[in-house]
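Q: I'd like to go over a predicted model; first the sequence, then the structure.
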Amino acid sequence: MLPFARVSIIGLGLIGSSIARAVRQHMPTVRLTGHDADPGVRARAVAIDLVDDVADTPGAAVTDADLVILCVPVGAMAAVAAAVAADLPADAIVSDVGSSKAGVEAALQAALPGATIIPAHPVAGTENSGPDAGFATLFHGRWCILTPPEGAGEAAIVRLTAFWEGLGAKVEIMDARHHDLVLAITSHLPHLIAYTIVGTASDLEEVTQSEVIKYSAGGFRDFTRIAASDPTMWRDVFLANKDAVLEMLQRFSEDLTALQRAIRWGDGDALFDLFTRTRAIRRSIIEQGQDDARPDFGRSHE
Ligand SMILES: NC(=O)C1=CN([C@@H]2O[C@H](COP(=O)(O)OP(=O)(O)OC[C@H]3O[C@@H](n4cnc5c(N)ncnc54)[C@H](O)[C@@H]3O)[C@@H](O)[C@H]2O)C=CC1
Ligand SMILES: O=C(O)C(=O)Cc1ccc(O)cc1
């Protein structure tokens with residue numbers, strides 16, 4: 001039996017449209033309703049037949065839903081939750097897909113007192129955005145972390161777990177604060193570093209932009225993919241996960257200073273030891289089959 005019969009998706013960009021496509025593929029009898037604040041996105045959702053109904057308001061999108069998933073930037077979660085509050089069925093489960101969790105959990109609980117709220121984060125995505133960027137296989141074999149608030153009912157957690165597993169994801173349950181610390185080092189800081197290095201390269205006076213583009217082999221090229229990620233989404237993530245990101249940034253700066261010293265003093269052993277340790281980490285990621293460099297990643301569209 002399907003965990004939900006009527007799913008409402010608010011925010012029809014990369015993640016919302018990927019969920020819609022995955023639901024269509026894996027749970028074809030589910031009735032899908034969607035809403036997006038951008039009229040152009042709503043029109044596109046109708047044109048590509050993304051969902052069964054595109055609602056003009058957030059309230060109209062949730063009136064008969066048994067699962068509502070908020071797929072908007074984390075800074076917009078509070079406003080969207082407030083906008084659906086009056087029309088939310090009493091037995092509906094409200095979830096989200098935000099990349100940071102503690103702040104979103106607090107915002108949803110404040111806007112929707114008494115509602116069943118189970119925040120979630122599918123740790124899968126690309127640097128692209130919008131309804132055309134999504135694809136049905138995005139969540140296949142990827143982790144989706146649920147961060148149920150204290151006292152959340154077991155039945156709701158079980159149903160949301162079944163939903164994400166039905167879309168092909170592997171589910172893990174975690175405390176929201178711990179989630180934010182883990183993701184600060186594995187996702188948020190890498191994005192910050194990519195934004196920085198690409199910004200630094202574009203500000204150089206002695207190296208032209210065309211040289212940077214022309215000679216961007218390997219390393220720099222990979223950074224530019226990450227640094228092409230959505231500005232609104234990532235602005236919101238850094239503001240929302242401020243404490244954990246600053247903590248990780250502090251540690252990173254200390255390690256970078258140590259590396260700077262090793263280079264200055266010609267300490268080849270220190271460099272070699274670090275690079276040997278990091279190579280082993282990459283190899284264990286590949287051994288566990290979690291390598292995003294698989295040929296179809298981010299390119300397959302259903
Ligand atoms: N991009 C990625 O790789 C991943 C993103 N996430 C999270 O998923 C969420 C959505 O991200 P994407 O789908 O990538 O972004 P996106 O930019 O592709 O889509 C977001 C959509 O939300 C709409 N929107 C913004 N404010 C709204 C509001 N107040 N009411 C209704 N619609 C509104 C926008 O018009 C846009 O169509 C974010 O919270 C992000 O942190 C999670 C995992 C991966
Ligand atoms: O494109 C990439 O490499 C990503 O890292 C995608 C991504 C972005 C944000 C998330 O919260 C989860 C995954």
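A: Alright, I've got the coordinates. Ligands and ions are numbered 1, 2, ... in the order given.

Q: name the residues of the stretch 1-150 of the chain found near ligand 2, please.
A: Within the stretch 1-150 of the chain, the residues that sit near ligand 2 (Cβ under 6 Å from any ligand atom) are 99, 123, 124, 125, 126, 127. Where you see a C-beta, it was placed from the backbone N, CA and C, and this is true even at glycine.

Q: assign the fifth one to helix, strand or coil.
A: Meaning residue 126. coil (DSSP: H, G, I helix; E, B strand; the rest coil).

Q: still on that earlier bit, what's the farthest-apart pair in the residues of the stretch 1-150 of the chain next to ligand 2?
A: 123 and 127 (14.9 Å; Cβ to Cβ).

Q: what about the two, which has more around it?
A: For residue 123 versus residue 127, the count of surrounding residues by other Cβ atoms under 10 Å is larger for residue 123: 19 against 16.

Q: ok, the more buried one - contacts?
A: 142, 143, 144, 145, 183, 187 (Cβ atoms under 8 Å, 6 or more residues apart in numbering).

Q: do residue 119 as well
A: 95, 96, 98, 101, 104, 105, 108, 146, 147, 148, 149, 176.

Q: and these, which is closest to ligand 2?
A: residue 98 (8.0 Å; Cβ to the nearest ligand atom).

Q: go ahead and confirm the closest one touches residue 77.
A: Yes. Using Cβ atoms under 8 Å, residue 98 is in contact with residue 77, at 6.1 Å.

Q: sec struct for the most centrally placed residue in the chain, please.
A: With distances taken as Cα atoms, centre = their mean, residue 99 lies nearest the centre of the chain, 4.4 Å away. State at residue 99, reduced to three classes by three-state DSSP: coil.

Q: can you show me the helices along the stretch 101-250 of the chain?
A: With helices called from DSSP state H, counting those that start in this stretch, the stretch 101-250 of the chain shows them at 102-111, 154-166, 176-183, 189-203, 209-214, 218-227, 231-240, 242-264.

Q: weakest of the ones you listed by average pLDDT?
A: If the helices of the stretch 101-250 of the chain are sorted by mean pLDDT, helix 209-214 sits at the bottom with a mean of 82.

Q: can you tell me what sits against that helix?
A: In contact with helix 209-214 (Cβ under 8 Å, 6+ apart) are residues 201, 202, 204, 220.

Q: need these in TSV (columns: neighbour count and distance to ligand 2).
A: Output for the contacts of helix 209-214, formatted as TSV (neighbours: other Cβ atoms under 10 Å; distance: Cβ to the nearest ligand atom, whole Å):
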residue	neighbour count	distance to ligand 2
201	18	19
202	12	20
204	11	25
220	16	16
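
Q: could you work out the most separated pair of those residues?
A: 204 and 220 (12.1 Å).

Q: what residues does stretch 145-156 touch?
A: Against stretch 145-156 from outside (Cβ under 8 Å, 6+ apart): 93, 101, 105, 109, 116-121, 123, 157, 160-161, 164, 171-176, 179.

Q: which parts of it are buried?
A: Buried residues in stretch 145-156, defined by neighbour count with 16 or more other Cβ atoms under 10 Å: 145, 146, 147, 148, 152, 156.

Q: run the chain-centre distance for that stretch.
A: Counting by Cα atoms, centre = their mean, to the nearest Å, stretch 145-156 is centred 19 Å from the centre of its parent chain.

Q: keeping just the C-alphas, turn it into PDB.
A: What follows is stretch 145-156, C-alpha atoms only, in PDB (Å, rounded to 0.1, in the frame of the first residue of the first chain):
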ATOM      1  CA  ILE A 145      17.900  12.400   6.200                       C
ATOM      2  CA  LEU A 146      14.800  12.800   8.300                       C
ATOM      3  CA  THR A 147      15.100  15.000  11.400                       C
ATOM      4  CA  PRO A 148      11.900  14.400  13.300                       C
ATOM      5  CA  PRO A 149      11.300  16.900  16.200                       C
ATOM      6  CA  GLU A 150      11.200  15.400  19.700                       C
ATOM      7  CA  GLY A 151       7.900  13.700  20.300                       C
ATOM      8  CA  ALA A 152       7.200  13.200  16.600                       C
ATOM      9  CA  GLY A 153       4.800  10.300  16.100                       C
ATOM     10  CA  GLU A 154       6.400   7.000  15.000                       C
ATOM     11  CA  ALA A 155       3.600   6.400  12.400                       C
ATOM     12  CA  ALA A 156       4.400   9.600  10.600                       C
END
